[in-house]
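Peer 1: predicted model, plus sequence, below.
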Protein chains: 2
Amino acid sequence: MSRPPRVTQADVARYAGVSGAVVSYVVHAGPRSVSPETAAKVRDAIRVLGYQPNASAAALRTGSSKLLGLVLPEFDNSLWADLAVAVGRCASARGFALITASSGGDAALERDQILRLAGRQVEGLLVTSVEMTDPDVHGAAGIPTVFLNVFSDVPGATTIGVDARRGAIDGVEHLLSHGYDSVGLIIGPDADVREQGWREALEFRSMPVERCAFDRQGGYEAALRMFGSPGRPRSVFVSSDMQAVGCLRALWELGLRVPQDVAIVSFDGSVDSQFTAPPLTAVRQPIERMAQVAVDLVLDGPGPRRVVEPVRLVVRESCGC
Amino acid sequence: MSRPPRVTQADVARYAGVSGAVVSYVVHAGPRSVSPETAAKVRDAIRVLGYQPNASAAALRTGSSKLLGLVLPEFDNSLWADLAVAVGRCASARGFALITASSGGDAALERDQILRLAGRQVEGLLVTSVEMTDPDVHGAAGIPTVFLNVFSDVPGATTIGVDARRGAIDGVEHLLSHGYDSVGLIIGPDADVREQGWREALEFRSMPVERCAFDRQGGYEAALRMFGSPGRPRSVFVSSDMQAVGCLRALWELGLRVPQDVAIVSFDGSVDSQFTAPPLTAVRQPIERMAQVAVDLVLDGPGPRRVVEPVRLVVRESCGC
DNA sequence: CTGAAAGCGCTTACAG
DNA sequence: CTGAAAGCGCTTACAG
């Protein structure tokens, strides 16, 4: 466990009998060419000594840390977990590593984390706020930033999101197509476009709404309120898989069967939605694709823009199909 | 979105009319003291200019990157997700940021990720392998490493884990205490100490075993095999929450009720186990505590050691209590 | 209490 | 094709 002193470029150069520059040339295959024999000697030295270039030094010299920052509200949400994996993969493919931070859904902490990441010279920031953050943090950090999971255009910021209004409409219409006369809504603490879509699909008929946190516990409590009292709706559109998982648990406790007594359509379509009992019919967000676009945009993005990815209804069993 | 040139220490020094050294002294509150008036001027300059010390430069100079690496098999497992959050919090409290990488459970990729992290000058590595990795990677990286979720002592390596044999015994005995005559086992691809504990608790009576991947799909398929054919056990001990979630789904499909037809005790006790229907009785791994110990050990650890954290049976409803 | 200077390990123009 | 050297932005002995 005693740490051996780090092998530096100079060590390799000495061992191979060349200058440091040449070592750098072979490590990066450029920008100058090196004769095959010299290159072989250098590669040998690298292998024998176990040389690993010092990323801090390279970052300092080039001004490029090859680091991306990812800020998520929390990890124990399979949607964010999936996103973290996908972003990590895309970043890695472009030679970037990922520094992750979780904000716990707290705006002040989130801002703090972003500033911290900025200090670490990340070259891009991917941030997912439950509520779209003040785009000012973007300016404050002075680093290319893309906001993920944002449902509407935010002038001056690069945002990626799905057409959640459309998704909500699709989900609610699917429920309606089963002939259910009522469709409740379980949604986050603040109004968002999913609520709007739900209203439109219902042609503005009045139906029960419960607001709660975007997690299992929130969905659980909201469902207890919505279905524990008389006048419960025949079906419900839930604005995230996590809330839907909590909702399912509440319905089970209340002795209500899904979909026979209450039908559900959820929003997100993460792994969790596949393995509930019954599996959830869900409006799926294309996480992999969004991750790819986000990484490309944060690294190459020419300026603020709005990207809307299409959403797709994945029919499983909770809707009664 | 145009990137302003970075503000450096020299800029602050010039603005405040002091030397760079003084700026460093006030930023770090040491190691030399600075007069209150000068300090005030410097703090002003920092605020006005929006100075963020360049972490790469500091890392190069001090030889300390203040970075920790975390390698996980995947993120869409709430146990790992919980762990990532907990480790992030502990690291942050000690001024370290976290670079995360997921191995996808592939040993070669895992090794690769570790080497990559080593090149990034992380000062410690926390790695969780589904199967305990070759401790050689530790030597190869030349960086203090602690392996998490390891169930037995590995000489020469620092490992943290629970007494999983004891946990399995507790879980199975709890099932037995309900009077169930049979307790099946759903476990990972390779034998581990949980299987041993299960056998011991059953006093080596022969019972059904199904092996499968440590994920939802694995547990789903294993349960279909175990409960879809005659001679199914009255209860089952499942070696992870993810597998238990899949198992619950399979039982639902088979029309078997939990706990009336089949009782379940799971292993992990992550958030997911709280919100299934019914909630899972589980042998809980103390994730927060393990994260704390891991971070402390990787940063201060004097050498290889074995840490065993106690496990606790959390009784909920899937066992029939 | 403060400044001038060295040096961490790289990369890359500049000479040769 | 290769080497000597400058410089990225810090921190920290060393002088004063």
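Peer 2: Thanks, I have it. Numbering: from 1, shown residues only, chains lettered A, B, ... in the order given.

Peer 1: for the rest of this, base every contact and every neighbour count on C-alpha atoms.
Peer 2: Will do.

Peer 1: looking at this, A:Gly161 is in a strand?
Peer 2: Yes: using DSSP: H, G, I helix; E, B strand; the rest coil, the secondary structure at A:Gly161 is a strand.

Peer 1: name the element A:Leu313 belongs to?
Peer 2: Assigned by DSSP states H and E, A:Leu313 falls within strand A:312-314.

Peer 1: which elements pack onto that strand?
Peer 2: helix A:164-177, strand A:281-284 (3 or more Cα pairs under 8 Å, 6 or more residues apart in numbering or on different chains; DSSP states H and E).

Peer 1: what does the helix or strand following the last one contact?
Peer 2: Okay, so that is strand A:281-284. Per DSSP H and E, the first helix or strand lying C-terminal to strand A:281-284 is helix A:287-300. With contact meaning Cα atoms under 8 Å, 6 or more residues apart in numbering or on different chains, helix A:287-300 is reached by A:79, A:82-83, A:86-87, A:90-91, A:123-126, A:144-146, A:148, A:160-161, A:309.

Peer 1: return the subset of the residues you listed lying in strands.
Peer 2: A:124-126, A:145-146, A:148, A:160-161, A:309 (DSSP state E).

Peer 1: how about the helices and strands packed on strand A:312-314 in CSV, adding mean neighbour count, mean pLDDT and distance to A:Ser240?
Peer 2: Listed next are those as CSV, based on neighbours: other Cα atoms under 10 Å in any protein chain shown; pLDDT from 0 to 100; distance: least, Cα to Cα, whole Å:
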stretch, mean neighbour count, mean pLDDT, distance to A:Ser240
helix A:164-177, 22, 97, 11
strand A:281-284, 27, 98, 9
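
Peer 1: how about the residues of the stretch 1-150 of chain A by chain B?
Peer 2: Residues of the stretch 1-150 of chain A that fall close to chain B, judged by Cα under 8 Å from any Cα of the partner chain: A:1, A:3-4, A:52-57, A:59-60, A:65, A:74-78, A:81-82, A:84-85, A:88, A:97-102, A:118-121, A:142-144.

Peer 1: distance between the host helix or strand of A:Tyr220 and the chain's centre?
Peer 2: Here A:Tyr220 sits within helix A:216-227, counting by DSSP H and E. Centroid separation between helix A:216-227 and its chain, computed with Cα atoms, centre = their mean, to the nearest Å, is 24 Å.

Peer 1: just checking, what packs against it?
Peer 2: strand A:183-187, strand A:209-211, helix A:241-253.

Peer 1: between those, which gets nearest to DNA strand D?
Peer 2: Nearest to DNA strand D among these is helix A:241-253 (42.0 Å), distances taken as Cα to the nearest atom of the strand.

Peer 1: for the closest one, packing partners?
Peer 2: Contacts defined by 3+ Cα pairs under 8 Å, 6+ apart place helix A:241-253 against helix A:216-227, strand A:263-268, helix A:271-274.

Peer 1: looking at these, which is buried most?
Peer 2: strand A:263-268 (a mean of 28; mean count of other Cα atoms under 10 Å in any protein chain shown).

Peer 1: show residues contacting it.
Peer 2: Residues from elsewhere that reach strand A:263-268 (Cα under 8 Å, 6+ apart): A:79, A:167-168, A:171-172, A:175, A:234-241, A:244, A:258, A:280-285, A:318-320.
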